[in-house]
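1. Got a sequence here, can you build the structure:
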Amino acid sequence: MAVKPKTLSEARAVYSTNSELAWWVFMRISGLFLIFLVFGHMFFNNIQINVADVDYAYVAKRFSKSWVKIYDSFLLGFAMLHGINGLRYSLEDYIQRPGRRFWAKVVLFTVAAVIFVLGVMTLWAFSFEEMGDAVRGLQHSN
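-> Residues are numbered from 1 along each chain as shown. Just a heads-up that it's a prediction; the model follows:
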């Protein structure tokens with residue numbers, strides 16, 4: 001098995017296409033961004049307030065702010081791209097037959113796209129105030 005590159009100059013020597021080199025660089029940058037995004041998310045939701053106080057009202061109030069939706073969209077996007085690209089590397093390593101590898105990547109990218117679209121829709125398309133009213137209405141009808 002070939003040695004995995006650890007520096008940019010090693011990556012340039014190993015990867016024959018610019019797209020693979022770009023993905024190699026992206027993995028390093030997105031990993032760094034994810035560290036800050038995840039710790040920021042944990043700070044806002046677990047440290048800044050008491051975790052026991054997180055309820056629907058807190059989440060609805062939080063998602064009523066556009067900067068939270070933007071922040072969480074970046075977190076979702078970087079996490080999805082970083083994870084899917086890492087899984088793509090594993091598929092390249094472990095599935096030897098080109099036809100199977102192609103279809104495995106088609107399924108992987110399709111599932112990832114659906115999950116990403118559903119995640120972004122959940123963040124941006126719904127009015128959390130209306131959903132809260134509906135949830136409260138269900139609770140009172142019981």
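2. For this structure, which segments count as helices?
-> For the chain, applying DSSP state H gives helices covering 8-14, 18-42, 56-63, 66-94, 98-124, 128-141.
3. Convert the C-alpha atoms of stretch 89-101 to PDB, please.
-> Taking C-alpha atoms only, stretch 89-101 is exported to PDB below (Å, rounded to 0.1, in the frame of the first residue of the first chain):
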ATOM      1  CA  TYR A  89     -11.400   7.400   0.500                       C
ATOM      2  CA  SER A  90     -12.300   4.200   2.300                       C
ATOM      3  CA  LEU A  91     -14.400   3.000  -0.600                       C
ATOM      4  CA  GLU A  92     -11.500   3.700  -3.000                       C
ATOM      5  CA  ASP A  93      -9.200   1.600  -0.700                       C
ATOM      6  CA  TYR A  94     -11.500  -1.400   0.000                       C
ATOM      7  CA  ILE A  95     -13.700  -1.900  -3.100                       C
ATOM      8  CA  GLN A  96     -11.500  -3.300  -5.800                       C
ATOM      9  CA  ARG A  97     -13.900  -3.800  -8.600                       C
ATOM     10  CA  PRO A  98     -14.500  -0.500 -10.500                       C
ATOM     11  CA  GLY A  99     -18.200  -1.200 -11.200                       C
ATOM     12  CA  ARG A 100     -19.000  -1.900  -7.600                       C
ATOM     13  CA  ARG A 101     -16.900   1.100  -6.400                       C
END
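4. Report the buried residues of that stretch.
-> Arg101 (16 or more other CB atoms under 10 Å). Bear in mind the C-beta positions are built from the backbone N, C-alpha and C, glycine included.
5. now stretch 107-118
-> Neighbour-count burial for stretch 107-118, counted by 16+ other CB under 10 Å, picks out 112, 116.
6. same question, stretch 36-43
-> Here stretch 36-43 shows Leu37 as buried, counting by 16+ other CB under 10 Å.
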